[in-house]
Each structure stands twice: as structure tokens, then as C-alpha cells.
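Enquirer: take this sequence and fold it.
(one chain, ligands or ions: 1)
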Amino acid sequence: MATLAPQPQAAQAADPLDVSRAELYRDDTWHAPFREIRARGGIHRTEDSDFGPYWSIASYKPLVHVESLPELFSSEAGGITLADFKEGTDVKMPMFIAMDRPKHTGQRRTVAPAFTPSEMARMTDDIRRRTAEILDGLPIGTTFDWVDRVSIELTTQMLAILFDFPWEERRKLTFWSDWAGDIELVKNEELRQQRLVHMFECGSYFKRLWDAKIDKPPTPDLISMMIHSDAMAEMDQYEFIGNLILLIVGGNDTTRSSMTAYALGLDQFPDERAKLEADPSLIPNAVQEIIRWQTPLSHMRRTATADTELDGHAIKAGEKLALWYVSANRDESVFEDADAIRIERPNARRHLAFGHGIHRCVGARLAELQISILLEEMGKRRLRANVAGAPERVAACFVHGYRKLPVELSRY
Ligand code: HEM
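Expert: Numbers count the residues shown, from 1 in each chain. Just a heads-up that it's a prediction; the model follows:
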């Protein structure tokens, strides 16, 4: 008698609202599924994804609600991205972005003094000078990659100054940051191993920088400021290095993507660009609007610490939630005509690209300063960035950015 072959299990239909799929960001097709989730109330559960089951929080109001309850929705319990920690191929780096209170409070205090308004004022001339040098070295009327020559160069120079990092080696910061922020590696064991090697290399590099400053008088850079701060008692050496890596990752892709969004976004909305070119006093609001429109980190993750209810959805302890800033910043109930750049948008400042609550981005002022100066210096030179080809986007649901953007400069 013929034996019956086991019937293949009916494959579970893929969830069309699984917004963690990398291709949505690579192809810039994330808008429709998020619009659908927002239309359904902004909360959706995906049962099966590359990152396992998760809740999407995609509208403004519930996102702010979750971020306002850091005890119930923890940053520490499962980390800050949808990718779960994997023993053996991931480095457990202590960072205050992935800590809850009270530890988070103490460690954040060690770096916060580097981002005060007076520190920003102190850094302004230096940032302006370096921005000017970069812009003055760019060709007019010839296509070049804006990401490489402007966005990456400006952000890495800034971080090198901030950390007093060896100048000639500053592109290492970009390299490490790109590896650290790539959560899609969850799908590839070999690349995950490679990342581990690079992260150890990064850790030992920063350990050398720390060793060189530990017994020396204070200097005005972040490493020395942290070593000499009162709150340093809150950190051991591993935490110190973990937090330095957090700062390079936090400050790198994010500011870089915003600078690229400036060139790309205003090219898509030429009437808005014309307004900005005619009136530089619009720059501060335009900076907020560009950051909103881009939203350089698509999500941060939280993990529920207890069973709870969110707008009628039963969330169980241990379940993970993705807070989709990229979608909340397009929430039509808060931002009219949300997909458009409107440099005079009256509530552009309400964007959630920096998060909300106790973890709100500590480097926000520095990012805003760098982007403002870029816009000001472009304006002083009457330079316009004309997009000369399709952008190459990062294929990932965490870092929301660009690998390349061909641009040609003209004068207006
Ligand atoms: C936290 C976005 C620039 C350092 C965050 C968070 C977001 C974010 C979404 C997490 C908020 C949360 O979990 O609720 C951005 C964007 C930037 C930017 C969009 C640029 C446009 C920077 C810069 C630095 C930086 C320039 C430093 C050099 C940090 C750090 C945290 C953080 C250290 C952790 C704060 C905490 O947990 O208390 N950022 N960031 N970021 N960011 Fe930024």
C-alpha cells in the first residue's frame, strides 16, 4: 500500500501590513501599508516576520502614549530594535538608550553636558568653517555623490571633533556606525559574525582613546568630559565604551540622512525650495520639516513589562512593540498634507523623529545645528543641489537613509 506523503502545511499568508520588510524601505514603498495601519487606528499586530511577532504603533497619539510610560514599555527588556539579541553573534554592549530608570538617568547625565546650548555656541564657528570648506571644494555643473562628499563628510568630521578622534581615521566612525546600525544582519549568520569582529575592533579603539585620557587634565571633548564628569561614578569601563559607540551610531546615519533629505526633498518640492532660497529666515523651521519628512530612524522598540491594554488591544508581558516614527510623522490628523514638505508648516516642531519622553534624543540640538549651518552656507553661496539620478536607499526598517544620491550643483 502506498504511503501517503505528508501534506505540506499551508504556508501562513504573509502579512501585507508587515512593515518590517526591508524592501519597503529600499524601494520607498512603505507609505501605503502605514497609511492602512493608521486608517485602522494606528495599532496592528504582525504574527510572523523576519523579527518574529510584533506590534506596530504607527499613529502619533498611541506612540506618544507608549513613550510616556517607560516602566511599562521598557527599552531595556529587549533592546531598541526589532532584532532580538542573539548570544554568540551579537555583542551585548551596555548603552543608556537601552536602559531603564534609574540607570538610564545617571548615564545620560554623563553626556548631556556636551549638548547644552553653550556647548553648541562654542562649536558653531568650527562647524561653519568645516561646512564652508566642504562646500567650496565641490564642483559646479558636474554630477557627484552628495551622500559621500557632503552628508558623510560633514557628520564624520563633526563626530571626530566631538570625540577628539584621530582625524585621518575618521571614516572608521562611518564604517563602524554602518555595521552597528544594520539590523537586517539578523538574517545572515556570516555577516553577523563579521559585525562582531568590527564591533570588537571599535571597542578596543575607543578603549585606547580612553586610556590616553584617563589620567590627563580635562580637554574640551566628549571622552574627557565624560571621564571627568561627576556622574562618571555611575559607569564602568564597558558601559563607557558602549555609550561612546551609541554616540557615534546615534550621531552618524541620522544627521547624514537628514542632510541628504534636504537635497532630495527640496528637489521634489521646487516651490518650497524657491521660498527658502528667497528667505533664509525660514531655515530653522525648514530644518524641522526636513527632519520630519525624512525621519532618519524608522522605529525604536519597546517591550511590555506587564499585561496591558492599548486602545482596545490586549498586549501581553514580553511582547515587543515597534514605535514607527516614520509613520507617526506622516499622521494626517496631526500634519496636514503630511507627505509634502512645507517649509512653513506651523507645527513642524511637533515631529517625533527624535522620539519623545525620557529617551528623547540627547544629540538633537547638535543635529539641528549642523543641518541649519549646511542650509545657511548653501544659501550664502546661492548654491542649489539638483538631483541628477535616483537615490540608492538603505534596505532596512531601522536606519532610514541613503547610500548614494547623484547631485549636480548650480547657482541661483
Ligand atoms: C536617542 C533620533 C542625532 C545621540 C535618539 C532616539 C531617536 C533619535 C529616535 C531615541 C528616542 C527614544 O528611544 O525614545 C535622532 C535623529 C537625529 C539624531 C533623527 C538626527 C537628525 C543624534 C546625534 C547624537 C545622538 C547628533 C550625538 C552625537 C543620541 C543618544 C540617544 C539618542 C545618545 C539616547 C538617548 C537616551 O536614551 O536617553 N535619537 N538622533 N543623536 N540619540 Fe539621537
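
Enquirer: the ligand contacts on the chain?
Expert: Counting by CB under 6 Å from any ligand atom, the chain comes close to the ligand at 67, 96-97, 108, 246-247, 250-251, 254-255, 258, 291, 296-297, 300, 325, 353-355, 357, 359-363, 366-367. C-beta: built from backbone N, CA, C; applies to glycine.

Enquirer: write the ChimeraX selection for whichever of those are buried.
Expert: Applying 16 or more other CB atoms under 10 Å to the residues of the chain next to the ligand, the buried members can be selected in ChimeraX as follows:
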select :67,96,97,108,246,247,250,251,254,255,258,291,296,297,300,325,353,354,355,359,361,362,363,366,367
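
Enquirer: sort out for me which of the residues of the chain next to the ligand are in strands.
Expert: Under the assignment DSSP state E, the residues of the chain next to the ligand contribute residue 300 to strands.

Enquirer: of the residues of the chain next to the ligand, which belong to helices?
Expert: 67, 108, 246-247, 250-251, 254-255, 258, 291, 325, 366-367 (DSSP state H).

Enquirer: of these, closest to residue 17?
Expert: Ranked by distance to residue 17 (CB to CB), those are led by residue 325 at 17.3 Å.

Enquirer: now do that closest one against residue 294, distance only.
Expert: Residue 325 sits 10 Å away from residue 294, going by CB to CB, to the nearest Å.

Enquirer: who touches both of the two?
Expert: Residues touching both residue 325 and residue 294 by CB atoms under 8 Å, 6 or more residues apart in numbering: residue 353.

Enquirer: ok, so of the ones in helices among the residues of the chain next to the ligand, who is nearest residue 272?
Expert: Comparing those against residue 272 with CB to CB places residue 291 closest, at 14.7 Å.

Enquirer: what sits against the closest one?
Expert: By CB under 8 Å, 6+ apart, the residues touching residue 291 are 258, 261, 351, 353-354, 367-368, 371.

Enquirer: which one is the closest residue to the ligand within the stretch 101-250 of the chain nearest to, not counting chain neighbours?
Expert: Across the stretch 101-250 of the chain, the shortest distance to the ligand (CB to the nearest ligand atom) belongs to residue 250, at 2.9 Å. Closest residue to residue 250 apart from its sequence neighbours, by CB to CB, 6 or more residues apart in numbering: residue 363 at 5.8 Å.

Enquirer: before we move on, what about residue 134?
Expert: Closest residue to residue 134 apart from its sequence neighbours, by CB to CB, 6+ apart: residue 153 at 5.6 Å.

Enquirer: packing partners for the host helix or strand of that neighbour?
Expert: Secondary structure assigned from DSSP states H and E places residue 153 in helix 153-163. Secondary-structure packing of helix 153-163 (3 or more CB pairs under 8 Å, 6 or more residues apart in numbering; DSSP states H and E): helix 117-136, helix 171-180, helix 222-228, helix 237-268, helix 364-380.

Enquirer: and the longest one with helix 364-380, angle?
Expert: Same thing as helix 237-268. Here helix 237-268 runs at an angle of 30 degrees relative to helix 364-380 (axes from the mean of the first three to the mean of the last three CA atoms, to 10 degrees).

Enquirer: so which residue is dead centre in this structure?
Expert: Centroid-nearest residue in the chain: residue 297, 3.5 Å away (criterion: CA atoms, centre = their mean).

Enquirer: wait, isn't the residue nearest to residue 134 in contact with residue 135?
Expert: No: with contact defined as CB atoms under 8 Å, residue 153 does not reach residue 135; the gap is 10.4 Å.

Enquirer: tell me which of those two has more neighbours.
Expert: Taking other CB atoms under 10 Å, residue 153 and residue 135 do not tie; residue 153 has more neighbours (21 against 18).

Enquirer: for that one, give me the pLDDT.
Expert: Note on residue 153: pLDDT of 95.

Enquirer: cool, and residue 197?
Expert: Note on residue 197: pLDDT of 87.

Enquirer: same question, residue 310
Expert: pLDDT for residue 310: 97.

Enquirer: check residue 1 too.
Expert: 32.

Enquirer: what's near enough to touch residue 314?
Expert: Counting by CB under 8 Å, 6+ apart, residue 314 has contacts 307-308.

Enquirer: quick check: bridge partners of it?
Expert: Taking DSSP bridges as the rule, residue 314 bridges to residue 309.

Enquirer: now it: how far from residue 112?
Expert: Counting by CB to CB - residue 314 and residue 112 are separated by 37 Å.

Enquirer: repeat for residue 343
Expert: From residue 343 across to residue 112, the span is 30 Å (CB to CB).

Enquirer: and those two? which has more neighbours close in?
Expert: Higher neighbour count among residue 343 and residue 112: residue 343, with 22 against 13, using other CB under 10 Å.

Enquirer: for the nearest residue to the more buried one once chain neighbours are set aside, list the residues it contacts.
Expert: Nearest residue to residue 343, sequence neighbours excluded (CB to CB, 6+ apart): residue 286, at 4.1 Å. Residue 286 sits next to 272, 276, 343, 375 when contact means CB under 8 Å, 6+ apart.

Enquirer: check which helix or strand the closest residue in space to the last one that isn't next to it in sequence maps to.
Expert: Using CB to CB, 6+ apart and skipping residues adjacent in sequence, the residue nearest residue 375 is residue 283, 4.8 Å away. The secondary structure element spanning residue 283 is helix 283-294 (assigned by DSSP H and E).

Enquirer: can I get the CA coordinates of that helix in PDB?
Expert: Output of helix 283-294 as PDB, limited to C-alpha atoms (Å, rounded to 0.1, in the frame of the first residue of the first chain):
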ATOM      1  CA  ILE A 283      15.800  77.900   7.700                       C
ATOM      2  CA  PRO A 284      15.100  77.000  11.300                       C
ATOM      3  CA  ASN A 285      11.600  75.800  10.500                       C
ATOM      4  CA  ALA A 286      12.700  74.100   7.300                       C
ATOM      5  CA  VAL A 287      15.300  72.100   9.300                       C
ATOM      6  CA  GLN A 288      12.500  70.700  11.500                       C
ATOM      7  CA  GLU A 289      10.300  70.000   8.400                       C
ATOM      8  CA  ILE A 290      13.100  68.100   6.600                       C
ATOM      9  CA  ILE A 291      13.800  66.000   9.700                       C
ATOM     10  CA  ARG A 292      10.100  65.200  10.000                       C
ATOM     11  CA  TRP A 293       9.800  64.400   6.300                       C
ATOM     12  CA  GLN A 294      12.900  62.100   6.400                       C
END
